[in-house]
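[1] coords below, sequence missing:
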C-alpha cells in the first residue's frame, strides 16, 4: 500500500500554514484507490469495483452506506483511475438549473472524447421528478452517474433510476480499519495520540465506524491534551463531546433496530433484546414508541401462551408515563426481558388473519337464527332465537350448538400450541370438540 504521508509536507512555509489549517480528514484524503482504508469487498483484488476498473468501463452506481466510510473519496478516485472527467454536486444545495449546467458541460466534454462521472452526494434528497431527470443523460451516455446515499435506496430512489444503476453497499469502518486510520493520522501529525490503550479503544467506539468523525475526534484530543499527558477513557470523554450514534428516527436505522428488537424478543433472547432496546434508547428513540411496539409483540408473538404478557407490556407503558425518563425506562426494560423470556405463540395472530380472510371472502351471510335475539313478536314468529340452548343450563356448561352461518359451515381458525398456558387452552378446546361431536351424534 502506498505511503500517504511521505509527500505531504509542503516545501513552502506558507503552504505548510495553509495545510495545517485544513481539517485532518481533508489532509488524509487518499490519492489512490490502493490507499483507501476499508471496503475490501469492493476494492480488494476480487472486489466489484476492481473488476469494473479492470474491464475499463464503469457503469452508473449508487453508493449506499453510513457517513464517513469513503463514498465521496472512492467516487473521485474511480474517475481518476478510469480517466473520466469528475463533476460533483450535492442534492442538498443543487436544483434543476444546476443539473442542466452540469449536463451541458458533460455533453461538451463528451464531444472532446472524454466521458464524465457525475457524483451526486445525498442523491436521495432529490425529489422523484428530479431523479427522473437523470434518466435521459444516463441512457445516452452523457454521464456516468454515481450517487451517494445514507438511506436505503429501495425506499428513497425511483425504481427507474435503480434499474439503471448498480447498488454498492459501503460498510462502517471496522475496529482494525479505524486503528489503521489512526496510525496514518499519527504519522502525519508526527506524534502519537496521547491516549492509554483503553482510551484508544474507547476512541474507536466513539467513532462508531465513521472515519471522518474519528479524525475530528483526534484533532480535538491533540489540541486539548497537555504536554506529556496520557488520557484514560474518562479523560478522553472530558476532552471530546460524546458522538451521537448513527440513527434517524424516520429512516433506515430506526427500522433496522426495531426489527432487530422484535426478532430477538420473538427468538427468546432477552440479552440481545435488551441490547437493541438500549441502542434505541441511547439514540434518542421515543420510549412510548417502544412501549407501543412491545404491546404489539405481546399479542403477536406471545398471545395466550402467556396471558400475563399483554398486561405486563401495558403496565410498563403506564409506569413509564407515570415516572418519565430515565426512571420509567427500567419498566420498559423489564417488559423487554419478560416478553423475551415468555413462551411464544402466534396462534391468535394466525387465527385472526385466517378469520379476516374468510370474512372478506364470504360477504354477509346471516348468522344461524337460533342465536339471534327476538325482541319483537314478529321476529319471534319468524323463528329468531328458536331452539337456542342456554349454555349455563347444561351439565357441562356447553351446549355445542352450531354458531357459524349455514352458508359457511364450521371453520377452524385457532390452533393453540403446546407451549405455556396455551397447552391448557388446547386441552379445554379438545374437550369442547369432543362434547360437540357427541351432542351432534345424540341429536342425529
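    Perfect, I can see it now. All figures in this text were calculated on a predicted structure; none of them were measured in a lab. Residues are numbered from 1 along each chain as shown.

[2] does the most centrally placed residue in the chain sit in a helix or strand, and which one?
    The centre of the chain sits closest to residue 256, judged by Cα atoms, centre = their mean, with a distance of 2.1 Å. Taking DSSP states H and E as the definition, residue 256 sits inside helix 252-266.

[3] can you check residue 118 too?
    strand 116-121.

[4] what's the answer for residue 297, then?
    Going by DSSP H and E, residue 297 is in helix 287-297.

[5] chain center to that helix: distance?
    17 Å (Cα atoms, centre = their mean, to the nearest Å).

[6] give the other helices and strands that it contacts.
    On a contact count with 3 or more Cβ pairs under 8 Å, 6 or more residues apart in numbering; DSSP states H and E, helix 287-297 meets helix 252-266, helix 270-282, helix 309-323, helix 327-341. Just so you know, the C-beta spots here come from the backbone N, C-alpha and C atoms, and that holds for glycine as well.

[7] hmm, who's touching the shortest one?
    Right, the one you point to is helix 270-282. 245, 247, 257-258, 260-261, 264-265, 287, 290, 329, 332-333, 336-337, 339-341 (Cβ atoms under 8 Å, 6 or more residues apart in numbering).

[8] now the buried members of the residues you listed.
    Buried by 16 or more other Cβ atoms under 10 Å: 247, 257-258, 260-261, 264-265, 287, 290, 329, 332-333, 336-337, 339-340, out of the contacts of helix 270-282.

[9] how close does residue 261 sit to residue 177?
    Distance of residue 261 to residue 177, given as Cβ to Cβ, to the nearest Å: 27 Å.

[10] returning to what we had before: just send the helices and strands packed on helix 287-297 back as CSV, with mean pLDDT and distance to residue 68 too.
    Output for the helices and strands packed on helix 287-297, formatted as CSV (pLDDT from 0 to 100; distance: least, Cβ to Cβ, whole Å):
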stretch, mean pLDDT, distance to residue 68
helix 252-266, 87, 15
helix 270-282, 94, 19
helix 309-323, 96, 34
helix 327-341, 96, 29
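
[11] which one of those lies nearest to residue 55?
    helix 252-266 (31.1 Å; Cβ to Cβ).

[12] okay, angle between that closest one and helix 270-282 too, please.
    150 degrees (axes from the mean of the first three to the mean of the last three Cα atoms, to 10 degrees).

[13] helix 252-266: how far from the chain's middle?
    7 Å.

[14] stretch 314-326 now?
    With Cα atoms, centre = their mean, you get 26 Å for stretch 314-326.

[15] over to stretch 56-75?
    20 Å.

[16] could you do stretch 208-226 as well?
    27 Å.

[17] poorly predicted segments of this protein, please.
    1-20, 241-253, 444 (pLDDT under 70).

[18] hmm, back to that, reformat the helices and strands packed on helix 287-297 as JSON lines; add distance to residue 137.
    Supplementary listing: these in JSON lines, determined by distance: least, Cβ to Cβ, whole Å:
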{"stretch": "helix 252-266", "distance to residue 137": "28"}
{"stretch": "helix 270-282", "distance to residue 137": "41"}
{"stretch": "helix 309-323", "distance to residue 137": "52"}
{"stretch": "helix 327-341", "distance to residue 137": "50"}
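
[19] now the longest helix out of those in the chain: buried residues?
    What stands out as the longest helix in the chain, according to DSSP state H, is helix 422-443. The neighbour-count check on helix 422-443 (16+ other Cβ under 10 Å) flags 422, 425, 426, 435, 436, 439 as buried.

[20] distance of the fourth one from residue 107?
    Distance check for residue 435 against residue 107: by Cβ to Cβ, it reads 83 Å.

[21] and for the third one?
    Noted for residue 426: a distance of 72 Å to residue 107, by Cβ to Cβ.

[22] can you check residue 147 too?
    From residue 147 to residue 107 the distance is 20 Å (Cβ to Cβ).

[23] what about these two, which has more around it?
    residue 147 (27 against 14; other Cβ atoms under 10 Å).

[24] residue contacts, that one?
    Per Cβ under 8 Å, 6+ apart, neighbours of residue 147: 61, 62, 63, 119, 120, 123, 157, 165.

[25] run the last query once more with 7 Å
    Counting by Cβ atoms under 7 Å, 6 or more residues apart in numbering, residue 147 touches 62, 63, 120, 123.

[26] so what pairs up with the third one in the strands?
    Residue 120 forms beta bridges with residue 89, residue 147, as assigned by DSSP bridges.

[27] tell me, how many residues neighbour it?
    Residue 120: 27 neighbours (other Cβ under 10 Å).

[28] do residue 137 as well
    Around residue 137 there are 19 residues (other Cβ under 10 Å).

[29] confirm it sits in a helix?
    Yes. Assessed by DSSP: H, G, I helix; E, B strand; the rest coil, residue 137 belongs to a helix.

[30] please name the nearest non-neighbouring residue to residue 338.
    residue 312 (5.0 Å; Cβ to Cβ, 6 or more residues apart in numbering).

[31] got a list of what residue 178 touches?
    204, 207, 211, 214.

[32] from residue 148, how far off is the last one?
    When you say that, I think you mean residue 214. From residue 214 to residue 148 the distance is 19 Å (Cβ to Cβ).

[33] what do you get for the second one?
    With distances defined as Cβ to Cβ, the gap from residue 207 to residue 148 amounts to 20 Å.

[34] cool, the first one as well?
    Per Cβ to Cβ, residue 204 is found 24 Å from residue 148.

[35] those two: which is more packed in?
    For residue 204 and residue 148, the more surrounded residue by other Cβ under 10 Å is residue 148, and the numbers stand at 25 against 20.

[36] looking at it, that one is touching residue 61, isn't it?
    No. Residue 148 is beyond contact range of residue 61, at 9.2 Å (criterion: Cβ atoms under 7 Å).

[37] residue 385 belongs to a helix?
    No. Residue 385 is assigned coil when assessed by three-state DSSP, not a helix.

[38] wait, what's in contact with it?
    So residue 385 contacts 370, 372, 373, 374 (Cβ under 7 Å, 6+ apart).
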